[in-house]
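Novice: Structure of the sequence below:
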Amino acid sequence: MNLFNGKQHLGWNDYFEEISVSYQPLIFGRISLEHKHLYRVMTAHGEVLASLSGKFRFEVYSEEDYPAVGDWVALSMREEMKATIHHVLPRFSKLSRKAAGTSGREQLIASNINNLFIVMALNHDFNLRRLERYLVMAWESGANPVILLTKSDLCSKLNELVSSAESIAFGVPVHPVSALERSGIEQLSTYLKEGSTSAFVGSSGAGKSTLINALIGTERQQTGEVRADDSRGRHTTTYRELIAVPKKGLLIDTPGMRELQLWDSESLQHSFEDIESLASACYFRDCGHQNEPKCAINQAIEEGNLTASRLQSYRKLQRELAYIEKKERKKANKK
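Specialist: Predicted coordinates for the structure are as follows:
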């Protein structure tokens, strides 16, 4: 029996219905907020406060195994709307990055996301190299990436910057929006539907919380001022939260990311398919794209079809991801 019959607005779907059989007679809920391994969970019985079972804590292997915002969990009820989490249901998508610092571990940001909105303001925040990083992260997540260029009402070079973003997006939708004037907001109705889950990522001051407030219709998310000299904002959102919005699905606001280190390399070629395609046309199969003759990439740069800065960004991301993979292999060999 589907415990969420009539409550698909929480994101319960055929995928979870099928895999839930092995977890019954436990009930199911969705993580909306996490704080030091205490969780706020939305269930058919209402919102509950849940903690992890002793068995779960004993068997957990890595940070990735802990519940994250957006996860569906199997739990048992206790007194006074409290519950115990016994299992995390398998995820169909996950948004993660390399944790800040030198630990080399994965930091899970959110899970079971349908749409990933990459929010970038059309001011000092606009940066194609950073946008490339977000696109790689988006393709890794398994969600559908969408680029939102906010504060379009303040931009004097709107068409130019939109074209710049489209030039590296390769089929990813790019929407200029203004939460203040509510222009472009209506375009998002294509993605925001009952039962769908959409996460918003971007730098502090990019306008994520302001945009979510505009979509919700209330001042739910705290917003902050942006410095005039460099357009940087403060971290007004300090935690990740899943918000259920009638007729718009579920929205996940995330804190601004000052440091965005990628975790997985599988999607690099998807985000840089122009360079990957050019590389396949080089005369030498092992071309290093330096001074080799008949190098299609160098020729594209000379002809103005590829910028040297994009190639440099591609190489930098390659090195980062190769370093992470090397550390992961060493870790695996020690076990």
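Novice: Thought residue 118 was touching residue 149, still the case?
Specialist: No. Applying Cβ atoms under 8 Å, one finds residue 149 not in contact with residue 118, separated by 9.4 Å. (C-beta placed from N, C-alpha, C; glycine too.)
Novice: where does the chain dip in pLDDT?
Specialist: 1-8, 98-105, 218-238, 256-267, 269, 323-335 (pLDDT under 70).
Novice: Show me the domain layout of it.
Specialist: By the record's domain assignment, the chain is partitioned as 8-88, 94-253, 272-334 (automatic domain parsing).
Novice: quick one, which of these is packed in tightest?
Specialist: Ranked by mean neighbour count under mean count of other Cβ atoms under 10 Å, the domains of the chain are led by domain 94-253, which reaches a mean of 19.
Novice: So which elements touch the helix or strand that contains residue 96?
Specialist: Assigning secondary structure by DSSP states H and E places residue 96 in strand 94-98. Other helices and strands packing on strand 94-98, by 3 or more Cβ pairs under 8 Å, 6 or more residues apart in numbering; DSSP states H and E, are strand 106-111, helix 128-141.
Novice: mind running it again at 10 Å?
Specialist: strand 106-111, helix 128-141, strand 197-202, helix 308-334 (3 or more Cβ pairs under 10 Å, 6 or more residues apart in numbering; DSSP states H and E).
Novice: mind putting those in JSON lines, distance to residue 22 included?
Specialist: Formatted as JSON lines, the helices and strands packed on strand 94-98 follow (distance: least, Cβ to Cβ, whole Å):
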{"stretch": "strand 106-111", "distance to residue 22": "19"}
{"stretch": "helix 128-141", "distance to residue 22": "25"}
{"stretch": "strand 197-202", "distance to residue 22": "23"}
{"stretch": "helix 308-334", "distance to residue 22": "28"}
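Novice: if we can go back for a sec, please identify every residue contacting each of residue 149 and residue 118.
Specialist: With contacts taken as Cβ atoms under 10 Å, 6 or more residues apart in numbering, the residues that reach both residue 149 and residue 118 are 131, 165, 174, 206.
Novice: now, which of the residues you listed sits nearest residue 39?
Specialist: residue 206 (27.4 Å; Cβ to Cβ).
Novice: In this structure that closest one contacts residue 125, no?
Specialist: Yes. Between residue 206 and residue 125 there is a contact under Cβ atoms under 10 Å: 5.5 Å.
Novice: I'd say residue 275 and residue 311 touch.
Specialist: Yes. Using Cβ under 10 Å, residue 275 is in contact with residue 311, at 6.6 Å.
Novice: Name the residues contacting each of these two.
Specialist: Residues touching both residue 275 and residue 311 (Cβ under 10 Å, 6+ apart) are 289, 297, 300.
Novice: Show me those residues that map onto strands.
Specialist: Using DSSP state E, no member of the shared contacts of residue 275 and residue 311 falls in strands.
Novice: Reformat those as JSON lines; add distance to residue 321.
Specialist: Converted to JSON lines, the shared contacts of residue 275 and residue 311 look like this (distance: Cβ to Cβ, whole Å):
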{"residue": "289", "distance to residue 321": "17"}
{"residue": "297", "distance to residue 321": "19"}
{"residue": "300", "distance to residue 321": "23"}
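Novice: so which of these would you say is closest to residue 55?
Specialist: Taking Cβ to Cβ as the measure, residue 55 lies nearest residue 289 of these, at 52.3 Å.
Novice: Would you mind confirming that the closest one makes contact with residue 281?
Specialist: No. Judged on Cβ under 10 Å, residue 289 makes no contact with residue 281 at a distance of 11.5 Å.
Novice: overlap in contacts of those two?
Specialist: Common contacts of residue 289 and residue 281 (Cβ under 10 Å, 6+ apart): 295, 296, 297, 300.
Novice: Closest to residue 41 out of the shared contacts of residue 149 and residue 118?
Specialist: Taking these together and measuring to residue 41 by Cβ to Cβ, the closest member is residue 206, at 29.1 Å.
Novice: need the helices for this protein, in chain order.
Specialist: 14-19, 54-59, 128-141, 158-169, 208-216, 268-271, 273-279, 296-302, 308-334 (DSSP state H).
Novice: Present those as a markdown table; the columns should include distance to residue 106.
Specialist: Below are the helices of the chain laid out as a markdown table (distance: least, Cβ to Cβ, whole Å):
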| stretch | distance to residue 106 |
| --- | --- |
| helix 14-19 | 23 |
| helix 54-59 | 18 |
| helix 128-141 | 11 |
| helix 158-169 | 25 |
| helix 208-216 | 22 |
| helix 268-271 | 17 |
| helix 273-279 | 25 |
| helix 296-302 | 31 |
| helix 308-334 | 9 |
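Novice: Could you list every helix and strand that the top strand by length along the chain packs against?
Specialist: Longest strand of the chain, by residue count under DSSP E: strand 27-35. The contact analysis (3+ Cβ pairs under 10 Å, 6+ apart) places strand 27-35 against helix 14-19, strand 38-43, strand 46-52, strand 72-77, strand 82-88, strand 106-111, strand 241-245, strand 249-253.
Novice: what lines up beside the fifth one in the sheet?
Specialist: Each strand that pairs with strand 82-88, with its direction, by DSSP bridges: strand 46-52 (parallel), strand 72-77 (antiparallel).
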